[in-house]
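what follows is a protein structure lacking sequence information:
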């Protein structure tokens, strides 16, 4: 499993970084495909929990947010987001009146959450790469920081924790039994350290890289656990099987969707 995981990482990782550097359609098209698959996987997980998230409603609405995100501006809560939320609400009311289903409020909430997660939050993938300056550098640093923190936590938790003087304490036994406190700390240390070093190469100030690495290492784990909560409720291990050893598209962006958003706002502060 570890070798398979490493092989996928070292094969697809450089390709992803090159597409980030190129930008334009080379970045937009593959990203849209990944996000569409992640959105559909979310709907599948929601269905297993017992929530009805209609793809015909959710997918077009999140796609509109991705298109709008091509032009970053201060008005992040755009009018179309409010219109989309109204459409979801109207659909839920209509469904309750006509279908006779119970728990329609949960279906409404799940679709509402899907729009926010995959439309607005994932829209920051496009907003960050669309910044007027240092766009590919900040996007690349956010991606690398997330991957290094995740890999560092995995390696420390699996191969270092519980050996010698280092103990092994579960971080979240119910949500993710394999995650350890030691791995979490290791991910923070390694992720932050390498983020600073890579930031120097990308001409990003050390303090900016340090802050990004620290926030990414901590909040990326929270995002990962949040999706783990959904998967536990649905009794599934992975959101899909798109990437052998890595799971589905949603499994690959569960941390990134949050860390890229963090990077966008930090870049807005510092640039």
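Yep, that arrived. All values derive from a computational prediction rather than experimental measurement.

pull the longest helix from the protein.
Across the chain, the longest stretch assigned as helix under DSSP state H is helix 206-234.

work out the gap between whatever helix or strand comes next after that helix and the centre of the chain.
Next helix or strand after helix 206-234 toward the C-terminus (DSSP states H and E): helix 249-253. Computed by C-alpha atoms, centre = their mean, to the nearest Å, the chain-centroid distance of helix 249-253 equals 7 Å.

moving C-terminal from helix 249-253, which element do we reach first?
Next along the chain after helix 249-253, taking DSSP H and E as the criterion, comes helix 256-270.

helices or strands up against that following helix?
Under the contact definition 3 or more C-beta pairs under 8 Å, 6 or more residues apart in numbering; DSSP states H and E, helix 256-270 sits against helix 124-129, helix 135-155, helix 206-234. Just so you know, the C-beta spots here come from the backbone N, C-alpha and C atoms, and that holds for glycine as well.

redo those helices as CSV? Include distance to residue 15, mean neighbour count and mean pLDDT.
Shown next, in CSV, are these (distance: least, C-beta to C-beta, whole Å; neighbours: other C-beta atoms under 10 Å; pLDDT from 0 to 100):
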stretch, distance to residue 15, mean neighbour count, mean pLDDT
helix 124-129, 16, 26, 95
helix 135-155, 12, 23, 93
helix 206-234, 21, 20, 92
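
give the buried residues for the strand ranked longest in the chain.
Assignment by DSSP state E gives strand 176-180 as the longest strand of the chain. Neighbour counts over strand 176-180 (16 or more other C-beta atoms under 10 Å) mark 176, 179-180 as buried.

so what does the lowest-mean-pLDDT helix or strand in the chain touch, helix or strand wise?
Lowest mean confidence among the helices and strands of the chain (mean pLDDT, DSSP states H and E): helix 79-99, at a mean of 78. Counting by 3+ C-beta pairs under 8 Å, 6+ apart, the packing neighbours recorded for helix 79-99 are helix 55-68, helix 104-114.

what packs against the last one?
Applying 3+ C-beta pairs under 8 Å, 6+ apart, one finds that helix 104-114 contacts helix 24-49, helix 55-68, helix 79-99.

then the first one?
Packing partners of helix 55-68 (3+ C-beta pairs under 8 Å, 6+ apart): helix 24-49, helix 79-99, helix 104-114.

of all these, which lies closest to residue 187?
helix 24-49 (22.2 Å; C-beta to C-beta).

chain center to the closest one: distance?
Mean-position distance between helix 24-49 and its chain equals 11 Å (C-alpha atoms, centre = their mean).

what of stretch 112-127?
Relative to its chain's centre, stretch 112-127 lies at 10 Å (C-alpha atoms, centre = their mean).

in it, what's buried?
If you call a residue buried by 16+ other C-beta under 10 Å, then stretch 112-127 has these buried ones: 112, 114-115, 117-127.

dump those into TSV; add distance to residue 251 as well.
As requested, the buried residues of stretch 112-127 are exported to TSV (distance: C-beta to C-beta, whole Å):
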residue	distance to residue 251
112	23
114	16
115	20
117	14
118	14
119	19
120	21
121	16
122	14
123	20
124	19
125	16
126	21
127	23
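
closest one to residue 81 out of those, please.
Taking the buried residues of stretch 112-127 together and measuring to residue 81 by C-beta to C-beta, the closest member is residue 120, at 6.2 Å.

my read: that closest one touches residue 68, true?
No. Counting by C-beta atoms under 8 Å, residue 120 stays clear of residue 68, with 9.7 Å between them.
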